[in-house]
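Participant: this is a predicted model, with the sequence first.
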Amino acid sequence: MSLEFSPDAQKKIAALCERYLVSGTKKPVVMAALHLAQKEFGHLSEDALRLVATTLDLPYAHVYGVATFYTMYRLEPSGKTTIRMCTNISCMMRGGYEVLAAFEQKLGVKKGGTTSNKQLTLVEEECIAACANAPCAVVGTKYFLDITPEQVGKIVADLEAHPSPESEVV
Ligand code: FES
């Protein structure tokens, strides 16, 4: 394994382990450590997952299971910023697929694809818990609510001018 966390990430993980020490396991730190690994290495390669497992003294299978369950973790290389467009039931009924199509057209990629400059990746997402404002998308930790296809051009232009960091969570 060749990857290592930066000193800053190591410090954050150590602080989190200390905070959750009472639980007797480092499992509560897995998601935060995965966010940090994704932020540091761009995506969660097998080496990155093994680093998280080793750092937290947990089985690789547990870390792999968490990383593959949640869609905010990227197991493959992608753009700096991911646009997660919801097409679940509420968003679907209020035009989510039309907005997704507008993103595909504006970005020149199909869902799952990354723009040629490696800046933006478009993902079709399940419910992102903002159903009252369907259709919606989330970029990093920023939500775009009540989106119409006509707004997509401005959203993409703003993202290109001011990329939304992926890992603001930790
Ligand atoms: S269905 Fe889209 S946010 Fe819930």
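Facilitator: Received it, and whenever you're ready, just let me know what you need.

Participant: which residue ranges of the protein form helices?
Facilitator: Assigned by DSSP state H, the helices in the chain fall at 7-19, 30-41, 46-55, 60-69, 89-93, 96-107, 152-161.

Participant: who in the chain is up against the ligand?
Facilitator: Proximity of the chain to the ligand (Cβ under 6 Å from any ligand atom) is limited to residues 86, 88-91, 127-131, 134, 136. Any C-beta I mention is one placed from the backbone N, CA and C, and that applies to glycine too.

Participant: one more time with 5 Å
Facilitator: Proximity of the chain to the ligand, by Cβ under 5 Å from any ligand atom, involves residues 86, 88, 90-91, 127-128, 130-131, 134.

Participant: sitting in strands, which of those do you find?
Facilitator: Judged by DSSP state E, strands contain the following of these: residue 86.

Participant: hang on, the earlier thing: need the helices of the chain in JSON lines with mean neighbour count and mean pLDDT, can you?
Facilitator: Putting the helices of the chain into JSON lines (neighbours: other Cβ atoms under 10 Å; pLDDT from 0 to 100) gives the following:
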{"stretch": "helix 7-19", "mean neighbour count": "14", "mean pLDDT": "94"}
{"stretch": "helix 30-41", "mean neighbour count": "21", "mean pLDDT": "94"}
{"stretch": "helix 46-55", "mean neighbour count": "19", "mean pLDDT": "97"}
{"stretch": "helix 60-69", "mean neighbour count": "15", "mean pLDDT": "97"}
{"stretch": "helix 89-93", "mean neighbour count": "16", "mean pLDDT": "97"}
{"stretch": "helix 96-107", "mean neighbour count": "20", "mean pLDDT": "97"}
{"stretch": "helix 152-161", "mean neighbour count": "15", "mean pLDDT": "90"}
